[in-house]
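**Student:** what shape does this take:
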Amino acid sequence: MIVLERMVHMVKTIRLTPDNVQHFVDVASKCDFDIDISYNRYVVDAKSFLGVYGLNLEKMLKVSYNGYNANLEELLNQLAVAC
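**Tutor:** Below is the predicted model of the structure:
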């Protein structure tokens with residue numbers, strides 16, 4: 001019997017500051033799945049320091065991913081913006 005895991009597409013809204021970009025990228029880089037971060041039509045790889053730092057950090061950002069990592073979830077909850 002083959003059991004396939006069902007991948008759930010997660011999207012969370014966060015706010016980053018220049019001071020916590022490096023920590024965010026470090027945590028994202030340890031995940032074994034793709035993570036995108038976006039603002040409006042700009043989408044970058046969340047594991048890229050220059051990509052994330054190049055976004056408008058004064059705005060709310062959307063993080064999209066299809067996996068689970070406890071450290072990432074904890075960080076996203078800390079950075080979460082109430083919607």
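
**Student:** flag the shaky bits of the chain, pLDDT-wise.
**Tutor:** Applying pLDDT under 70 to the chain picks out residues 1-7, 83.

**Student:** at 90 instead, please
**Tutor:** 1-9, 81-83 (pLDDT under 90).

**Student:** centroid-nearest residue for it?
**Tutor:** residue 63 (3.9 Å; Cα atoms, centre = their mean).

**Student:** report the beta-bridge partner residues of that residue.
**Tutor:** Per DSSP bridges, the residues bridged to residue 63 are residue 12, residue 37.

**Student:** does it really touch residue 14, like I thought?
**Tutor:** Yes: Residue 63 lies in contact with residue 14 (Cβ atoms under 8 Å); the separation is 5.8 Å. C-beta: built from backbone N, CA, C; applies to glycine.

**Student:** list residues touching both of these two?
**Tutor:** residue 76 (Cβ atoms under 8 Å, 6 or more residues apart in numbering).

**Student:** next, give phi and psi for residue 49.
**Tutor:** The phi and psi values for residue 49, taken as degrees, to the nearest 10, are phi -60, psi -50.

**Student:** not including adjacent chain positions, what is the nearest residue to residue 80?
**Tutor:** residue 14 (5.9 Å; Cβ to Cβ, 6 or more residues apart in numbering).

**Student:** for the protein, just list every one of the helices.
**Tutor:** Ranges of helices within the chain are 21-29, 49-53, 70-79, based on DSSP state H.

**Student:** residue 41 is nearest to which of those?
**Tutor:** helix 49-53 (14.3 Å; Cβ to Cβ).

**Student:** does residue 20 touch residue 76 like I think?
**Tutor:** No: in this structure residue 20 lies outside contact range of residue 76 using Cβ under 8 Å: 11.8 Å.

**Student:** tell me which of the two has more neighbours.
**Tutor:** residue 76 (20 against 15; other Cβ atoms under 10 Å).
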